[in-house]
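Trainee: no letters, just coordinates:
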């Protein structure tokens, strides 16, 4: 905990994060209950956030919802704008050529964040919401990103990762050995730990020591093995696409 505390700011941020998570309008009482606060504690925060344009208050129900101001602020400047601009056409081509959905992810506060996705052009498509957070150790993209980190950075992340900490000593050793294999193979292909019936294939893009380091992945609703022709084709396509994104965005 930082020695510098700002209770009012903390409450305001708690409100914004709570409404973002709930995704439906909430009354002052509902927000207070959700944050385990008293309604009076939040009154001034709600008024201030509404006046500054971060919240909208319904004239009919009196409930609060997020405005588009956070969205506008986040899109004024983003360190990944260049990456997203370079990746979109490549991901579209990858999706069209493989008839599979694909997505781009980064490490964000010890988790995997999806920053871009492209749906399959087919009638049935797997969609992963941009901005979604997933456990690093339980996703193909997360494991690919971990596999290419230097030991000190890897250990720092794993020692603060609850999923990894909960593993037995043997399971932790096995997991690190798995990362070594991924690093050698330059890709990860596995059945999803989070979604039944989905196969994920992922490769890393960029340098782990640079400002931008990400993973490109295909998520297929079909069961795929890297030893069959379809698996080999998708891995090759992913590697080609990752190199194209790296060249276009200037990542090294």
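Mentor: Thanks, I have the structure now. Small disclaimer: the values here were computed from a predicted structure and weren't measured.
Trainee: whatever helix or strand residue 17 lives in packs against which elements?
Mentor: Using DSSP states H and E, residue 17 sits in helix 7-22. Applying 3 or more Cβ pairs under 8 Å, 6 or more residues apart in numbering; DSSP states H and E, one finds that helix 7-22 makes contact with helix 28-35, helix 39-51, strand 64-66. Quick note: C-beta positions are derived from backbone N, CA and C, even for glycine.
Trainee: give me the mean pLDDT for the last one.
Mentor: The average of the pLDDT scores along strand 64-66 is 94.
Trainee: average pLDDT across the host helix or strand of residue 153?
Mentor: According to DSSP H and E, residue 153 maps onto helix 151-158. For helix 151-158, mean pLDDT rounds to 92.
Trainee: next secondary structure after it?
Mentor: Note on helix 151-158: by DSSP H and E, the next helix or strand toward the C-terminus is helix 162-165.
Trainee: what are the buried residues along that next one?
Mentor: Residues of helix 162-165 classed as buried: residue 164 (neighbour count, 16 or more other Cβ atoms under 10 Å).
Trainee: stretch 186-199 now?
Mentor: Going by neighbour count (16+ other Cβ under 10 Å), the buried part of stretch 186-199 is 187-190, 192-193, 198-199.
Trainee: now residue 127: how far from residue 219?
Mentor: Remark: distance between residue 127 and residue 219 (Cβ to Cβ, to the nearest Å) = 9 Å.
Trainee: can you give me phi and psi for residue 206?
Mentor: Residue 206 adopts backbone torsions of phi 90, psi -180, taken as degrees, to the nearest 10.
Trainee: wait, it touches residue 214, no?
Mentor: Yes. Using Cβ atoms under 8 Å, residue 206 is in contact with residue 214, at 6.1 Å.
Trainee: who has more neighbours out of the two?
Mentor: It is residue 214, of residue 206 and residue 214, that has more neighbours when counted by other Cβ atoms under 10 Å, with 27 against 22.
Trainee: now do the helices in the stretch 51-200 of the chain.
Mentor: Secondary structure of the stretch 51-200 of the chain (DSSP state H, counting those that start in this stretch): helices at 69-76, 81-98, 140-147, 151-158, 162-165, 169-185.
Trainee: which neighbours do residue 127 and residue 219 have in common?
Mentor: Overlap of the contact sets of residue 127 and residue 219 (by Cβ atoms under 8 Å, 6 or more residues apart in numbering) consists of residue 101.
Trainee: between the two, which one's more packed in?
Mentor: Under the neighbour definition other Cβ under 10 Å, residue 127 and residue 219 were set side by side, and residue 219 has more, 24 against 12.
Trainee: secondary structure element for that one?
Mentor: Here residue 219 is assigned to strand 213-220, by DSSP H and E.
Trainee: which residues outside stretch 147-154 are in contact with it?
Mentor: 146, 157, 179-180, 182-183, 188, 204, 208-209, 213.
Trainee: returning to what we had before: which residues does the helix holding residue 17 contact?
Mentor: Identification of contacts with helix 7-22 by Cβ under 8 Å, 6+ apart yields 26, 31, 34-35, 37, 41-42, 44-46, 48-49, 54-55, 64-66, 70.
Trainee: export the buried residues of stretch 186-199 to TSV and tack on distance to residue 95 and pLDDT?
Mentor: Conversion of the buried residues of stretch 186-199 to TSV gives the following (distance: Cβ to Cβ, whole Å; pLDDT from 0 to 100):
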residue	distance to residue 95	pLDDT
187	18	93
188	19	93
189	18	92
190	20	89
192	18	85
193	23	84
198	16	85
199	15	88
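Trainee: so what's residue 32 up against?
Mentor: Taking Cβ under 8 Å, 6+ apart as the criterion, residue 32 is in contact with 38-39, 41-42.
Trainee: 7 Å instead?
Mentor: By Cβ atoms under 7 Å, 6 or more residues apart in numbering, the contact set of residue 32 is 38-39, 42.
Trainee: repeat that for residue 145.
Mentor: 107, 204, 213, 215.
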